[in-house]
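# predicted model and sequence below, questions to follow.
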Amino acid sequence: MVAFCLGMCYPPTDQDMTSPGSFQIEAGQSTTHNDFYATLEHGGYVGTTIIKFRFFDVNNQNDYAEYRCIFHVNYSSVEDEYITQISISETYPNPVNNTLQFDFNNYSELVNPTLKILDYQGKIAKSCILDNNNQKIIINISDLSAGAYLYYIDFNGKKSKTRRFIIAR
């Protein structure tokens, strides 16, 4: 399934879709919507997926710009002894607005596990230390921009499974 953002974020889909909104760019002008990006939820399948985005002239469907995004999904070797000692759920609901909420279970004595939130470029957008107990995590993310993000739990340089969420405002 693919999710994309252009001015606003659209929910993930595996079907053809037409955005419910539009914006206008006059000849010779550029757009302020420079935050176009897409994310692929691959479901654990290895391979290459090509997603095609077309931006049409609303007055002439034959006049369009087309962008192809190529996603390569591969397995990586993980030798993390703690990877099975914690679990994090998908965020609920997803897309989110101002609050990230998910379940966190720590089945061991890991000290000071840290939540890391990455933006779509892989940069850390937010980080916070969690309690060691099993718990529902609720994090204020109102300071983050709309878009697609990844999150995981880090402890002593080792990572949990990475999850994805979308902020839609």
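Thanks, I have the structure now.

# shaky segments in this protein?
For the chain, the stretches with pLDDT under 70 are 1, 6-8, 19-25, 29-37, 42-46, 74-85, 107-110, 132-134.

# domains for it, by residue range?
Using automatic domain parsing, the domain parsing of the chain gives 2-73, 86-167.

# now do the SS call for Ile117.
Taking DSSP: H, G, I helix; E, B strand; the rest coil as the rule, one finds Ile117 in the strand state.

# kindly state the beta-bridge partners for it.
Beta-bridge pairing of Ile117 under DSSP bridges involves Lys126, Tyr151.

# rewinding a little: save the domains of the chain as TSV, and put in mean neighbour count too.
Using the backbone N, CA and C atoms, a C-beta is placed for each residue, glycine as well. Shown next, in TSV, are the domains of the chain (neighbours: other C-beta atoms under 10 Å):
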stretch	mean neighbour count
domain 2-73	12
domain 86-167	15
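
# quick one, strands of this protein?
Using DSSP state E, the strands of the chain run over 2-6, 8-13, 37-40, 47-57, 60-73, 86-88, 99-106, 114-118, 124-129, 135-140, 147-155, 158-159, 163-167.
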